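Visitor: sequence and predicted structure below; questions after.
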Amino acid sequence: MTHLTLSEAEPLPHWEEPALPVRLLRWLRRDPRAAISLGILVIILGAALLAPWIAPYSPTDQNGELILAGPSAAHWLGTDDLGRDVLSRLIHGGANSLYAALLAVSVALVIGLPLGLIAGFAGGWVDTVISRLIDTFLSFPAIILAVAVTGAMGIGLTNAMISVGLVFAPQIARLIRARTLVVRQELYVDAARCFGASPARLLIKHVLPNAVQPVIVQSTLLLAVALLAEASLSFLGLGVQLPEVSWGSMIARGYLYMSIVPEQMYAPGVLIMITAVAFNTLGESLRAALDPTTQGHG
Amino acid sequence: MVTRVKQRMVMSRLLQALPILVLATFIVFCLMQLIPGDIAVTLAGENASQERIEQIREAYGLNQPFLAQYGQWLWHAVTGDLGTALLSGEPVAQTIARTFPNTLLVALYATILSVLIGVPLGILAATRSGSKLDGAIMGTASLGVALPNFWFGMILVLFFALTLRWFPATGFVSPFEDFSQALWYATLPALALCTNGIAEVARQLRSSLVEIQSSQHVRTLHAKGLSPARILWLHGLKNVSVNLLTVVGLLFNKILAATVVVEAVFAIPGIGSSIVKAVLEGDFPVVQGAVLAMVVTVILINLVTDLLCTLLDPRINAS
């Protein structure tokens, strides 16, 4: 390999960053596992959003003549203990489960991002106080804190998932704090400060966009954890309440009639697992794609 | 041979744990202030007279300033008085003493299983990294992380209890009454809980071993003609054991939390089922006391793992 000096080299072509959809497509072509995960998630999310139109029955319609029936042409996955169509309940339940996961992660971001940004940017005693608080919350067993907060705020899916979000928030805060500590030392932040940018502008315009990458990865991974948390809390009776349905509450129901129709318990569990694996795989792929040290990997 | 450097580190770790412990108790105390409505009214029960409510406010110190209430509650908690359950009237400390050992047994059992199964899998995957076996182990591990424990527990009940009748489906025997029976009952719950742990231990161990094996000094050892098994043992596993200890400490805490849900599947009278029952019944002294017990346990376990790592890590001795 010959070494070219700068004067011998061809002038660099004008480099333009391709548009986001183009980069996304390139990334998905390079990383088939991410593409498959994204595909699965799009299908599941699509089914959840279109639930009222694509579900063959209403999730609450009872058919007294078909109790705990096995799969048939009319009911592909059979009917439950009240004669309700299991497939329809799965589709509607998925909508609630995904809503729950998104809610929890959104709450975590809304609380965690500002806390972490402020701690990392302000430094000093503000950082010490917030960091101690983060450490303490992280030492709480997550699901137990969520159960207790749900108890204090009132039982129900929305409250339960806000609790889960509260429990996740310190993870986000710690991550963004660590990144902010690095980014605030960067030259462009100094430059913006010299030009008289206010702290708020510095944070939102310069620090946040450059510190947010690990948070995107973590949020994707947390969606999987939140989905499992929804299932757990609804199973315990603290999450979704009758007559609403979620994958977690379907497992709880299926457990009661496990010895008669075990397949009704399998379906929601398998869906939870597939969705969680898809979120995890997508998160790992994002981590690899966003990490400059592993460029070209996968 | 605890050097002075280590002594100082141990001291600083202990000092760091103290504010976290105090802050945690404060958070648990504040948690119960989130309950909408007047606690005195709740405590007095339905249709209580105004006098009775005032009496209770006085008796529980609810008319005192917030921080004074916290101080009083903390002092009572330290001396072992966590109040009494609203519904059963049982002292909360007694409820915890009755249920926590069951939870700890299941969680410890699951942690041991995770290590016993996860470590060999991790070593196997690392020594054959890049092979089909490695791919299969790591693929299964990513499923294991996403497996809802309680759901897996139900499937275990279906197969091993209802179909094969090898294990009891639900119920529990206190380890203090009959330890072997307790282990017998705890086996399916522990199996249900250990899947995430196995996956985590195997993943972590594999990645640290692969990292070490690609390092310069291990390559030199290969060149010197040491057998791969010897290198793995002397230079691989010994190096990652401290790392593994941290993983196991965190894992135990995670499993302890996950036990809450699994206890419901197996009808285990553990601390998790007491918390859930109390939350559903609005019995907040029990919630408060049981959550406090859990949090303090977790913080102490973190502290002990931290201290062990400090003591075992050979690098700290150097300076």
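Guide: Received, thanks.
Visitor: isn't residue B:218 right up against residue B:230?
Guide: No. Residue B:218 lies out of contact with residue B:230 (CB atoms under 8 Å); the separation is 11.2 Å. C-beta coordinates here come from the backbone N, C-alpha and C atoms, glycine included.
Visitor: more neighbours: which of those two?
Guide: A count of neighbours by other CB atoms under 10 Å in any protein chain shown puts residue B:218 above the other of residue B:218 and residue B:230, at 20 against 11.
Visitor: packing partners for the host helix or strand of the more buried one?
Guide: Residue B:218 is part of helix B:216-224, with elements assigned from DSSP states H and E. Secondary-structure packing of helix B:216-224 (3 or more CB pairs under 8 Å, 6 or more residues apart in numbering or on different chains; DSSP states H and E): helix B:228-231.
Visitor: is the helix or strand just after the helix it packs on anywhere near chain A?
Guide: Where DSSP H and E defines the elements, the next helix or strand beyond helix B:228-231 is helix B:238-266. Yes. Using CB under 8 Å from any CB of the partner chain, helix B:238-266 reaches chain A at B:253, B:254, B:256, B:257, B:258, B:260, B:261, B:264, B:265.
Visitor: report all helices and strands that helix B:238-266 contacts.
Guide: Against helix B:238-266 (3+ CB pairs under 8 Å, 6+ apart) you get helix A:142-153, helix A:213-235, helix B:92-127, helix B:149-156, helix B:179-213, helix B:271-281, helix B:284-312.
Visitor: turn those helices into TSV, columns for mean pLDDT.
Guide: Listed next are the helices and strands packed on helix B:238-266 as TSV, based on pLDDT from 0 to 100:
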stretch	mean pLDDT
helix A:142-153	86
helix A:213-235	92
helix B:92-127	92
helix B:149-156	91
helix B:179-213	88
helix B:271-281	90
helix B:284-312	88
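Visitor: out of these, which is closest to residue B:77?
Guide: The closest of the helices and strands packed on helix B:238-266 to residue B:77 is helix B:284-312. By CB to CB, the value is 6.4 Å.
Visitor: per-residue pLDDT, residue 89?
Guide: All of this refers to chain A. With respect to pLDDT, residue A:89 scores 89.
Visitor: chain B was what I was after
Guide: pLDDT, residue B:89: 82.
Visitor: quick one on the thing from earlier: closest one of the residues of helix B:238-266 next to chain A to chain A?
Guide: residue B:257 (3.4 Å; CB to the nearest CB).
Visitor: around the closest one, how many other residues sit close by?
Guide: 22.
Visitor: so what does the longest helix seen in chain A touch, helix or strand wise?
Guide: Counting by DSSP state H, the longest helix found in chain A is helix A:86-122. Packed against helix A:86-122 by the contact rule (3+ CB pairs under 8 Å, 6+ apart) you find helix A:32-49, helix A:51-54, helix A:124-138, helix A:157-183, helix A:208-211, helix A:213-235, helix A:247-256, helix A:263-290.
Visitor: give the buried residues for it.
Guide: A:86-105, A:107-109, A:111-113, A:115-121 (16 or more other CB atoms under 10 Å in any protein chain shown).
Visitor: just the pLDDT for the spatially most central residue of chain B.
Guide: The residue lying closest to the centre of chain B (CA atoms, centre = their mean) is residue B:253, at 2.3 Å. Looking at residue B:253, its pLDDT reads 89.
Visitor: including distance to residue B:236 and mean neighbour count, could the helices and strands packed on helix B:238-266 go into TSV?
Guide: Listed next are these as TSV, based on distance: least, CB to CB, whole Å; neighbours: other CB atoms under 10 Å in any protein chain shown:
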stretch	distance to residue B:236	mean neighbour count
helix A:142-153	32	25
helix A:213-235	28	24
helix B:92-127	8	21
helix B:149-156	31	24
helix B:179-213	5	21
helix B:271-281	37	24
helix B:284-312	16	20
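Visitor: with distance to residue B:168 added, can I get those helices in CSV?
Guide: Output for the helices and strands packed on helix B:238-266, formatted as CSV (distance: least, CB to CB, whole Å):
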stretch, distance to residue B:168
helix A:142-153, 25
helix A:213-235, 21
helix B:92-127, 14
helix B:149-156, 12
helix B:179-213, 6
helix B:271-281, 17
helix B:284-312, 25
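Visitor: which among the ones you listed is found nearest to residue A:44?
Guide: Using CB to CB, the nearest of these to residue A:44 is helix A:213-235, at 10.4 Å.
Visitor: ok now that closest one, how far from the chain's centre?
Guide: 5 Å (CA atoms, centre = their mean, to the nearest Å).
Visitor: can I get that helix in PDB? Just the C-alpha atoms.
Guide: Taking Å, rounded to 0.1, in the frame of the first residue of the first chain, the C-alpha atoms of helix A:213-235 are listed here in PDB:
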ATOM      1  CA  GLN A 213     -27.700   8.700  21.700                       C
ATOM      2  CA  PRO A 214     -27.200   6.200  24.600                       C
ATOM      3  CA  VAL A 215     -30.700   7.300  25.800                       C
ATOM      4  CA  ILE A 216     -32.300   6.200  22.500                       C
ATOM      5  CA  VAL A 217     -30.700   2.800  22.900                       C
ATOM      6  CA  GLN A 218     -31.600   2.500  26.600                       C
ATOM      7  CA  SER A 219     -35.200   3.500  25.800                       C
ATOM      8  CA  THR A 220     -35.600   0.800  23.300                       C
ATOM      9  CA  LEU A 221     -34.200  -1.800  25.800                       C
ATOM     10  CA  LEU A 222     -36.500  -0.300  28.500                       C
ATOM     11  CA  LEU A 223     -39.600  -0.900  26.300                       C
ATOM     12  CA  ALA A 224     -38.900  -4.600  26.600                       C
ATOM     13  CA  VAL A 225     -38.600  -4.300  30.400                       C
ATOM     14  CA  ALA A 226     -41.700  -2.200  30.600                       C
ATOM     15  CA  LEU A 227     -43.700  -4.700  28.500                       C
ATOM     16  CA  LEU A 228     -42.600  -7.400  31.000                       C
ATOM     17  CA  ALA A 229     -43.500  -5.100  33.900                       C
ATOM     18  CA  GLU A 230     -47.000  -4.500  32.500                       C
ATOM     19  CA  ALA A 231     -47.500  -8.200  32.300                       C
ATOM     20  CA  SER A 232     -46.300  -8.700  35.900                       C
ATOM     21  CA  LEU A 233     -48.400  -5.900  37.300                       C
ATOM     22  CA  SER A 234     -51.500  -6.800  35.400                       C
ATOM     23  CA  PHE A 235     -51.000 -10.400  36.400                       C
END
